[in-house]
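[1] generate a structure from the sequence data that follows.
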Amino acid sequence: MNNYKELKVWQKAVDLAVKIYNTTSAFPREEEYALTNQIRRSGVSIASNIAEGAGRNSKKDFKNFLSISNGSICELETQLIIANRIEFLDKETLDTLQGEITEIQKMNWSLQKTLS
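    Residues are numbered from 1 along each chain as shown. This is a model prediction of the structure:
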């Protein structure tokens, strides 16, 4: 349906996923299969669902996958807040990532509206 690689929201979501991987590489080793894994999966899921939705045959399907992507955005933000509270992530990094998350979320919502 759409060339997802041309979507700015997908590009920003991929950039965020890379930042998430880089950020979580400093988390404690014992968290590798716990919070670190969850955060990484949420981060990757945002761009992945945008791409999957764009590859579907209808606007309705695309809109649904954008909604799923938005759920992953909320999940990621929650996990990052938890990481901050247990002192795996400093406040400055959290604030930076939250700014990017908010931007992606707004772009996602705008794209969903264009499909209505």
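[2] so where's the longest helix in this structure?
    For the chain, the helix reaching the highest residue count under DSSP state H is reported as helix 59-85.
[3] now that helix, how far from the chain's geometric center?
    6 Å (CA atoms, centre = their mean, to the nearest Å).
[4] do the same with stretch 7-15
    Taking mean C-alpha positions (CA atoms, centre = their mean), stretch 7-15 and its chain are 9 Å apart.
[5] run through who's touching it.
    4-5, 46-47, 50-51, 54, 69, 100, 103-104, 107-108, 111 (CB atoms under 8 Å, 6 or more residues apart in numbering). All C-beta atoms are positioned from the backbone trio N, CA, C, and that covers glycine.
[6] ok, residue 114 to residue 21 distance?
    30 Å (CB to CB, to the nearest Å).
[7] tell me the contacts of the closest residue to residue 83 other than its chain neighbours?
    Spatial nearest neighbour of residue 83, excluding adjacent residues (CB to CB, 6 or more residues apart in numbering): residue 89 at 4.1 Å. The neighbours of residue 89, taking CB under 8 Å, 6+ apart as the test, are 23, 80, 83.
[8] reformat those as CSV; add neighbour count, pLDDT and distance to residue 17.
    CSV is the format used below for those (neighbours: other CB atoms under 10 Å; pLDDT from 0 to 100; distance: CB to CB, whole Å):
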residue, neighbour count, pLDDT, distance to residue 17
23, 22, 97, 11
80, 24, 98, 13
83, 23, 97, 16
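[9] any buried residues in stretch 22-36, and which?
    23-24, 27, 31, 35-36 (16 or more other CB atoms under 10 Å).
[10] next one: stretch 82-92
    So stretch 82-92, judged by 16+ other CB under 10 Å, has buried residues 83-84, 88-89.
[11] what's the span of that stretch, first residue to last?
    14 Å (CA to CA, to the nearest Å).
[12] run a quick neighbour tally on residue 10.
    26 (other CB atoms under 10 Å).
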